[in-house]
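Visitor: Got a sequence here, can you model it:
(2 chains)
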Amino acid sequence: MRHEGGYSADARVRWPEFLPWIVALAGLFLLPEYLSLGARILVYILYALSLDLIVGYAGIITLGHSAYFGVGAYAAGILAAKAGITDPLAQLAAAGAAGALLGIGTGAIILRTRALTLLMLTLAITSVCLEIANKATDLTGGADGLSGVVVAPVLGLFRFDIFGETAYLYCLVILLVGWWLVRKMIYSPFGASLTGVRENSLRMHAIGAPVYWRLVLVYTCSAAIAGVAGGLITQTNQFVGLNVLSFESAGELLVMLILGGVGRIYGAFVGPVVYLIAQDLFAKQFPEYWGFGIGVMLVLVVMFARGGILGILDALLARLRRKS
Amino acid sequence: MEAFLASLVSVAFHGTALGMILYVISVGLSVTMGLMGFANLAHGVFAMAGGYILTTAISRFGVPFPLALALAFTLVAAGSVVLERLLYSRLYAASDLEQVLFTIGLIFVAVAVARFIYGTLQQPVVLPDYLKGQFALLGRDFPAYRVFIIVFSAVTVGLLWFGVERTRWGAMVRAAVDNRAMAQSVGINTKRLFTLTFALGSGLAGLGGGLGAEIIAIQPTYPFENLVYFLVVVSVGGLGSLRGPFVAALLIGIADTACKYWLPQYGAFPIYAATIAILLWRPAGLFGKHA
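Guide: Numbers count the residues shown, from 1 in each chain, chains lettered A, B, ... in the order given. Okay, here's the model as predicted:
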């Protein structure tokens, strides 16, 4: 089940990979009252996929991925609320473009550095974006948030209804496209070179790979996908708040990805499902214990289960096979 | 002109006080990162713990201020030794990502614990009478407590520098920062050295957190909110160096105060922009050795 990617790996879609989509469609019919949570989970899966691409495959550690998510969210929101462009796909395109633009601009700068300096710069960039969104009240509504987001029917046919069915399916389709792109990228020679950079960047330099440009490219792709995810969250909430840009949001996302399992596409699927459902059940009632639980879980995962939930599953499956 | 001069002096004075606090808190982080290459994002937790210890000791148990400061230092240092032996030491060989995640986990736990015990409100600092009021110098009045912060931090920093530059222990630390494998092979017990250094750095963070409780508010989200500041000090100053973070802390303290005074409409924007610019110009920080 590990998707290490690579040039010689078998890229065919195997049967367990249909599972998430079957579960998602089953959820539509079986749990209609949870569709808004479902749409949120789908958005976060897309967002986590974008993070997995750079953290899991390219080995770029960032605490500031919310900058691209937030810029996408504001791009879609400003377009809808201020510019009067209500077509959802146009809004998403703008969100993705905004994410990609910021991604290439900041990526070209910060990817020259490494390790702690890089981490620090990702934090600083997110803080700058948050500060701008907070002060540019004319455009973003500042701390009050941006309301009045209008979203027209998808392709002029499917209206966003109050039950959230359209929103759910719409997010699912976009996620499918995002998943296909990310999977394709991981199994391409480009994906293989990213793994090479993660494992031994010195050797990649030595064999003549343009390490810096590869990293900038993957960073930009990841930022674009995160931007699209941000656009989706704006469209499903019809509101943008400052929290989309916060450090907490980036930290939360990292927690989800680690929980699911980093560097294995489907970790980005499992993590947000478990995290957001648990959050829905516990976080409101027991806010103190929630933070405590998250912290303890992170420490435990790092100490004992570095592959996250999927890593544990893999280990269990391997043990079963050895016994039989 | 006189008004401008007065505000200039005031900004420099308050900025220096903030910078001193930032340095006392962050210097341990610089050494931890330089010595073991450990990305300890949870360093702010120690500062917060120091702040809570100081405020609780004074307001609940009536401990005199100097003793409360000493308590903040020793308790935090002792606690950090336990954490280092139990948890940190297992992750020295781990990847950056794992260290970052582990320390973020610690922050989450610490924030939850602080919120559980103290609630979300900011902790008030009760100062002794001799540190209240004003202190007159060269025809100007300065808040006595800030003067105390500057003088006390300066003495602490002086002692620290003397320790690192002039004592045997300091020579061992410098040797280990420069080349850990070599230091180990000439017989320095780097493991014990690191535990001691970690304790000292954390203790200083606790001291700084307690000392600066009036400037940097003690509340549960402290380690998250101020993380950027501590990281800026360390990365702009240069990992593993002592003087670099000092210059960086003073720069940031003064710049931050100046921005809040003259350009409040931009918030913290100029600080972050300057940080990004400096790190682009010198990725290893102003005084960093490693490229």
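
Visitor: now the helices for the stretch 151-300 of chain A?
Guide: Along the stretch 151-300 of chain A, counting by DSSP state H, counting those that start in this stretch, helices occupy A:165-186, A:189-199, A:201-206, A:211-237, A:247-260, A:267-278, A:287-304.

Visitor: Repeat that for chain B.
Guide: In chain B, helices defined by DSSP state H lie at B:2-36, B:43-61, B:65-86, B:96-118, B:144-166, B:168-178, B:180-185, B:190-211, B:222-225, B:227-237, B:243-262, B:269-281, listed in chain order.

Visitor: again with the stretch 1-150 of chain A
Guide: For the stretch 1-150 of chain A, the helices defined by DSSP H, counting those that start in this stretch cover A:19-30, A:35-52, A:66-81, A:88-110, A:115-135, A:137-140.

Visitor: one step back: tell me the most buried of the helices of chain B?
Guide: Here the criterion is mean neighbour count by mean count of other CB atoms under 10 Å in any protein chain shown, and of the helices of chain B the winner is helix B:227-237, at a mean of 26. (Each C-beta comes from the backbone N, C-alpha and C, glycine too.)

Visitor: could you say what helices and strands it packs with?
Guide: With contacts taken as 3 or more CB pairs under 8 Å, 6 or more residues apart in numbering or on different chains; DSSP states H and E, helix B:227-237 sits against helix A:115-135, helix B:2-36, helix B:43-61, helix B:243-262, helix B:269-281.

Visitor: For burial, what's the neighbour tally of residue 123?
Guide: With no chain named, the answer covers chain A. 24 (other CB atoms under 10 Å in any protein chain shown).

Visitor: ah, I was thinking of chain B
Guide: 22.

Visitor: Let me see the contact set for it.
Guide: Neighbouring residues of residue B:123 by CB atoms under 8 Å, 6 or more residues apart in numbering or on different chains: B:51, B:52, B:55, B:56, B:213, B:217, B:218, B:219.

Visitor: Give me the pLDDT value at the third one.
Guide: The one in question is residue B:55. What the model reports for residue B:55 is a pLDDT of 90.

Visitor: what's the residue lying closest to it once chain neighbours are set aside sitting at in phi/psi?
Guide: Among residues not flanking residue B:55 along the chain, residue B:123 sits closest, at 4.2 Å (CB to CB, 6 or more residues apart in numbering or on different chains). Note on residue B:123: its backbone torsions stand at phi -80, psi 130 [degrees, to the nearest 10].

Visitor: mind checking how far residue B:123 is from residue B:172?
Guide: Distance, residue B:123 to residue B:172, using CB to CB, to the nearest Å: 38 Å.

Visitor: before we move on, what about residue B:59?
Guide: Separation of residue B:59 from residue B:172 (CB to CB): 40 Å.

Visitor: so where's the stretch 1-150 of chain B uncertain?
Guide: Residues of the stretch 1-150 of chain B meeting the criterion pLDDT under 70: none.

Visitor: residues from it in reach of chain A?
Guide: Contacts of the stretch 1-150 of chain B with chain A, taken as CB under 8 Å from any CB of the partner chain, map to B:33, B:39, B:87, B:90-91, B:94, B:96-98, B:100-102, B:104-113, B:115-116.

Visitor: Run a quick neighbour tally on residue B:286.
Guide: Residue B:286: 19 neighbours (other CB under 10 Å).

Visitor: Quick one: residues contacting it.
Guide: B:236, B:237, B:238, B:244, B:247, B:248, B:278.

Visitor: Ok, residue B:269 next?
Guide: Listed by CB under 8 Å, 6+ apart, the contact partners of residue B:269 are A:128, A:131, A:132, A:135.

Visitor: Over to residue B:267?
Guide: Residues in contact with residue B:267 (CB under 8 Å, 6+ apart) are A:131, A:134, A:135, B:259.

Visitor: about what we covered before: what's the most buried one of the helices of the stretch 1-150 of chain A?
Guide: Buried most deeply of the helices of the stretch 1-150 of chain A, by mean count of other CB under 10 Å, is helix A:66-81, with a mean of 29.

Visitor: related to what we said a few turns ago, residue A:323: which of the helices of the stretch 1-150 of chain A is closest?
Guide: Closest approach to residue A:323 among the helices of the stretch 1-150 of chain A (CB to CB): helix A:19-30, 24.0 Å.

Visitor: Just list what that closest one packs against, helices and strands only.
Guide: Looks like helix A:19-30 contacts helix A:35-52, helix A:165-186 (3+ CB pairs under 8 Å, 6+ apart).

Visitor: circling back: got JSON lines for the helices and strands packed on helix B:227-237, with distance to residue B:127 too?
Guide: Shown next, in JSON lines, are the helices and strands packed on helix B:227-237 (distance: least, CB to CB, whole Å):
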{"stretch": "helix A:115-135", "distance to residue B:127": "32"}
{"stretch": "helix B:2-36", "distance to residue B:127": "14"}
{"stretch": "helix B:43-61", "distance to residue B:127": "9"}
{"stretch": "helix B:243-262", "distance to residue B:127": "21"}
{"stretch": "helix B:269-281", "distance to residue B:127": "28"}
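
Visitor: closest to residue B:146 out of those helices?
Guide: Evaluated with CB to CB, the helices and strands packed on helix B:227-237 place helix B:2-36 nearest to residue B:146, the distance being 4.4 Å.
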